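# Model the following, please.
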Amino acid sequence: MKRLLTTVVGLARASHFGPTVLVTSVSYYFAQLFWWEGPSIVIAAGVFCGQLVVGWSNDLIDYRDDLAHNRLNKPLVSEMITTKLLQNSLRIATVLALIINLLGPLGFVGGGLSVFAIGWALSYNLFFKFNVFSWLPYAVAFGALPSCMALSKGMAPPLWMWLGGALIGTAAHFINVIKDMKEDHISGITGLPQRCGTKLSILIAAVLIAAAIALIAFSDLTLPATV
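As a prediction, the model looks like this:
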């Protein structure tokens with residue numbers, strides 16, 4: 001029983017559980033603007049599985065680097081879970097994410113955009129984190145998250161929805177990198193925040209968040225009634 005609990009906690013931590021829950025909760029909120037509770041829960045479940053894919057793949061890809069920096073807060077490094085277990089869990093989450101998003105309430109259009117966002121998030125883990133365009137997957141994925149709900153109802157996503165999401169997502173990227181800035185430089189991870197440095201990254205994140213708040217505050221947030 002203790003081992004099972006350790007495994008569950010390890011998988012949760014490997015998923016970057018805090019951000020995963022936050023993104024899932026936000027997706028459920030936006031889904032309720034367009035759908036009633038039943039479909040909204042299914043949509044949120046699809047987003048949750050997508051977040052598991054992103055988080056678990058991140059820990060697998062970063063395993064050697066995390067090991068080199070002795071990041072014992074990472075469950076693979078602390079041996080709470082094994083790479084084989086995480087790989088198998090990733091395969092299951094990937095299949096579920098595809099099925100729920102594409103065959104669920106979002107349909108092929110909205111669900112396709114959701115899968116597209118997952119793909120962009122994965123591209124950060126594999127490629128973009130090493131170059132000046134490291135912010136781009138965050139902007140695309142966070143902009144697509146609420147927009148896929150609107151598209152599922154045949155609506156063109158309003159400016160505040162996709163641009164606000166993109167601004168907040170980019171800010172989240174700058175904030176997320178700060179804690180590992182020194183280790184990233186040692187490992188040769190040179191995304192835009194690493195190039196800017198800690199102080200400038202904090203300033204950029206603050207400006208982006210302020211811009212998102214201003215955009216939302218001065219936009220018409222009227223949406224069609226939930227069906």
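# Please make it C-alpha for all contacts and neighbour counts, starting now.
Noted.
# What segments of this structure are helices?
For the chain, the helices defined by DSSP state H cover 2-14, 17-32, 37-61, 63-68, 83-103, 107-126, 136-152, 159-178, 181-187, 192-196, 198-217.
# Could you say which of the ones you listed is packed most deeply?
Mean neighbour count, computed with mean count of other C-alpha atoms under 10 Å, is highest for helix 136-152 among those, reaching a mean of 25.
# could you check the angle helix 159-178 makes with it?
Calculated by axes from the mean of the first three to the mean of the last three C-alpha atoms, to 10 degrees, helix 136-152 forms an angle of 150 degrees with helix 159-178.
# burial of Trp35, as a residue count?
Neighbour count of Trp35, defined by other C-alpha atoms under 10 Å: 22.
# And the helix or strand of the chain with the lowest mean pLDDT, how far out from the chain middle?
Sorting the helices and strands of the chain by mean pLDDT, DSSP states H and E puts helix 181-187 at the bottom, at a mean of 84. When distances are taken as C-alpha atoms, centre = their mean, to the nearest Å, helix 181-187 is centred 22 Å away from the chain's centroid.
# Stretch 66-74 now?
22 Å.
# CA atoms of that stretch as CSV?
Below are the C-alpha coordinates for stretch 66-74, written out as CSV (Å, rounded to 0.1, in the frame of the first residue of the first chain):
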residue,chain,number,x,y,z
ASP,A,66,18.0,16.5,-13.6
LEU,A,67,20.3,13.7,-12.5
ALA,A,68,23.4,15.7,-13.3
HIS,A,69,22.1,18.6,-11.1
ASN,A,70,20.9,16.1,-8.4
ARG,A,71,17.3,17.5,-8.5
LEU,A,72,15.9,15.2,-5.8
ASN,A,73,12.5,17.0,-6.1
LYS,A,74,12.1,15.1,-9.4
